[in-house]
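> Predicted coordinates and the sequence they were generated for:
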Amino acid sequence: MTEPSAKRGIAVEQAVVYGLLTALGLFAFVVALGYGLFLDEFRVGPGLVPAVVGGLITLIAGWELVATLRGQRTPHDKGLAEIVAAAAEAPPGGVSSDDDLPGGTLPSGEQAGEGTSDGVDIFGRTAAMRGRQLVIVFVALTVSVLLVPLLGFLGSFFLLSLFISAAVERRSWISATIVSFAAVAVIYLVFVVFLRVPLPAGLIGIGG
Amino acid sequence: MLDNLVLGFSTALTPENLLWCFVGVLIGTVVGVLPGLGSTTGVAVLLPLTLSLEPVTGLIMLAGIYYGSQYGGTITSVLISTPGEASSVVTTLDGYQMARQGRAGAALAISAIGSFVAAIISLGLLVALAPPFARFALDFGPPEMLAVMILGLATIVSFAGDNRALGLLMALTGLLISTVGVEPGSGTSRFTFHSIYLLGGVPFVEVMIGLFAVGEVLYQIREGAAAPIRAGFRELLISKADLKRSAAPILRGSFLGFLFGILPGAGSTLASFMAYGIEKRVSKRGHEFGTGAIEGVAAPESANNAAANANFVPTLTLGIPGGATTAVLLGAFMINGIQPGPLLFDEQPALVWGLLASFFIGNVILLVLNLPLAPVFAQILRVPYGYMYPMILLTSLVGAYSISNSMYSVWVVLIFGIIGYFMKRLDLPMAPLVLGLVLGPLFEKALVQTSAIGDGNIGIVFTRPLALAVMALAIIQIVAPSLMARLLRRRNSSRARKADQAAEDKTEEHSHG
């Protein structure tokens, strides 16, 4: 986390997201004006909520965008939970000088693995490799959904599982095939046989 | 009251409901143990599976996942200092220290017992308080509902993340997404871009599966795998002394957790933090906290379980979810055609009381499962994430499809999956977005009705005393954290000064002696 490049990467992503949200809010605001803010006698019309919400989004996201562009990390004014946690962590009298106090500063939702986010994980993958992996998994996911009309739900998700297990997670082809087949079989049993969901069979007609 | 409980237990004790209750709490425990999988994800992924069940059976199972995960989340907090659930983060402080001292068994046992006691206390309170509250809420007009929804959003904004501006931004984004589709009042179609799919609005169960399941998986891939766990076990027994020390913290944690859980918008995470903080101040052994004090495990673990149950008070009686997981559960109600709210207790007594009775049964099952089997559950951690996430992805996509038998749902999941990934990466809180999305239509309806009552004047909210009081509470929620922070800082610095003084005195004494 201390690497400046990683920090700048996050800042760029932040700027893009805030920029998109600003644009989205502005768009919603302008479009909502056309829906009519008020009905007769100033009763709330269909455009009022989206216009007000869109306007507020523009203001807040725009503010965050400017702050990010000016190089400020978002000021994390802490919520109540974090304040209490912080108060609990700074024990009066300094009893726990135990320096391996675990996870004391873990914000909720983050894991202990976070500390190694720029390091190498147990499979010897670097952050850059994991980033690539993420892109591959997401592209594979999208492609498999696009393939559903052709291969059917079960067919294309068998391929997805096979691809992720073998190519991304580097398991042997045999175990990847077995695991993927088992997964698709379980899904078939649960959804098609038990829940009677008519899964699309696709052109070739696998499953469904 | 007694009739209701009898009705509830006769509903919950049918073999089918009993079976699914067991399945729910078992899955909940597993979901709680797995660090990459929270209760919200678990409920979102498995929601489509329950659609073929009776509504009450499906809800019993989904609720079981929710409170079951409160038990499971503790196991990893204690054994490897990696909370499986956000609400167990604070348990790592003392729980892991206890495990290092070879007292993991005692820590796990006390948290199971504490969770159980808290569950029973909070369920008693829930059963006693929810019906009168629902009756009271029957008198709520649109202005009061509007105020309560604002309170819910204010609470979640101030507690969900560490940055309130971003929380507000996400809540607003959720509200904006909820306006997509045909506006019921005037029939105007908003933001539909001539798409027939968008006319019906953005379906929120799919959004939740996308955010909490797919987004979470993508984020975990980016974060990398955590080291596999080797959990050793020495002592499983808990001593009488431990039980005696923990009794008061468990009771305090239970009531405190219930109080926080009952607030619309405040989840069990907040309750566990508050219980730890307050216990530290109140307890005679407060100075031992952080070094493996059993009170530091007992109090927050009781509190998070009590809060999880208390969350159902606003969810069932007002239709306003207490947190992210109850928001997903609210989605489960709605997709079954049930609208939680004050009328629910009168209209669906078998469902409400069956659900509440199943909580009692589920907690008994959890205690029986967790006391002897916690180390067994911990073994699940040996399954590497690489084996798990393809399964989570497949289940999410197929589950989403089965909600309305349409590929549109699958695309919604995929799109919100990538949005969820970026939200996690950039620390944008998800709970406010989900709550905004769920409350959006109700919020707008209440707003329209309020303006109709006031003949175009929304200011009528301020002339209704109850609505005014609730709004005041909402404003306090937003302002309080800044005030509290200032107060605590001042207190801490003065305390630190005193402590320094004391330490100096001590060293002087020593040098004299």
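Perfect, I can see it now. Predicted, not measured: the structure shown is a model, and the values here were computed from it. Numbering: from 1, shown residues only, chains lettered A, B, ... in the order given.

> could I have stretch B:437-454 exported to PDB, CA atoms only?
Below are the C-alpha coordinates for stretch B:437-454, written out as PDB (Å, rounded to 0.1, in the frame of the first residue of the first chain):
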ATOM      1  CA  LEU B 437     -32.400   1.400  -3.700                       C
ATOM      2  CA  VAL B 438     -34.800  -0.500  -1.500                       C
ATOM      3  CA  LEU B 439     -36.300   2.500   0.200                       C
ATOM      4  CA  GLY B 440     -36.400   4.700  -3.000                       C
ATOM      5  CA  PRO B 441     -39.900   3.800  -4.200                       C
ATOM      6  CA  LEU B 442     -41.400   3.800  -0.700                       C
ATOM      7  CA  PHE B 443     -39.600   7.100   0.000                       C
ATOM      8  CA  GLU B 444     -41.000   8.700  -3.100                       C
ATOM      9  CA  LYS B 445     -44.500   7.400  -2.400                       C
ATOM     10  CA  ALA B 446     -44.400   8.800   1.100                       C
ATOM     11  CA  LEU B 447     -43.200  12.100  -0.300                       C
ATOM     12  CA  VAL B 448     -45.900  12.400  -2.900                       C
ATOM     13  CA  GLN B 449     -48.600  11.500  -0.300                       C
ATOM     14  CA  THR B 450     -47.200  13.900   2.200                       C
ATOM     15  CA  SER B 451     -47.300  16.700  -0.300                       C
ATOM     16  CA  ALA B 452     -50.800  15.800  -1.200                       C
ATOM     17  CA  ILE B 453     -51.900  15.900   2.500                       C
ATOM     18  CA  GLY B 454     -50.200  19.300   2.800                       C
END
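
> burial of the residue in the stretch 401-513 of chain B positioned nearest to chain A, as a residue count?
Closest to chain A within the stretch 401-513 of chain B is B:G456: 3.4 Å, counting by CB to the nearest CB. Glycine gets a C-beta too; all of them are placed from N, C-alpha and C. By the criterion of other CB atoms under 10 Å in any protein chain shown, B:G456 has 16 neighbours.

> OK, contacts around the closest residue to B:Y421 other than its chain neighbours?
Spatially, and ignoring its direct neighbours in sequence, B:Y421 is nearest to B:L218 (4.0 Å; CB to CB, 6 or more residues apart in numbering or on different chains). By CB atoms under 8 Å, 6 or more residues apart in numbering or on different chains, B:L218 lies in contact with A:134, A:137-138, B:417-418, B:420-421.

> least confident pick among those residues?
Minimum pLDDT for the contacts of B:L218 is recorded at A:L134 (88).

> Over to that residue. Which of the three states is it?
helix (DSSP: H, G, I helix; E, B strand; the rest coil).

> isn't it right next to B:V217, touching?
No: with contact defined as CB atoms under 8 Å, A:L134 does not reach B:V217; the gap is 9.7 Å.

> ok so, going back, ok, so what distance separates the residue of the stretch 401-513 of chain B closest to chain A from B:P142?
14 Å (CB to CB, to the nearest Å).

> if you count what's nearby, which of A:L134 and B:V217 comes out ahead?
Neighbours were counted for A:L134 and for B:V217 using other CB under 10 Å; B:V217 has more, 28 against 20.

> Return the residues in contact with that one.
B:V217 makes contacts with B:36, B:389, B:392-393, B:417, as judged by CB under 8 Å, 6+ apart.

> coming back round to it: where does the residue nearest to B:Y421 sit: helix, strand or coil?
Reduced to three states by three-state DSSP, B:L218 is helix.

> Find the nearest non-adjacent residue to residue 157, please.
In the absence of a named chain, chain A is used. B:L394 (5.3 Å).

> wait, I meant chain B there
Nearest residue to B:V157, sequence neighbours excluded (CB to CB, 6+ apart): B:G167, at 3.9 Å.

> Hmm, the one you found is touching B:P429, no?
Yes: with contact defined as CB under 8 Å, B:G167 counts as touching B:P429 (5.2 Å).

> ok so, going back, and which of the contacts of B:V217 is nearest chain A?
B:L393 (6.6 Å).

> Which elements pack onto the helix or strand harbouring B:N304?
Assigned by DSSP states H and E, B:N304 belongs to helix B:295-310. If you count contacts as 3 or more CB pairs under 8 Å, 6 or more residues apart in numbering or on different chains; DSSP states H and E, helix B:295-310 packs onto helix B:55-80, helix B:91-100, helix B:104-137, helix B:240-262, helix B:268-282.
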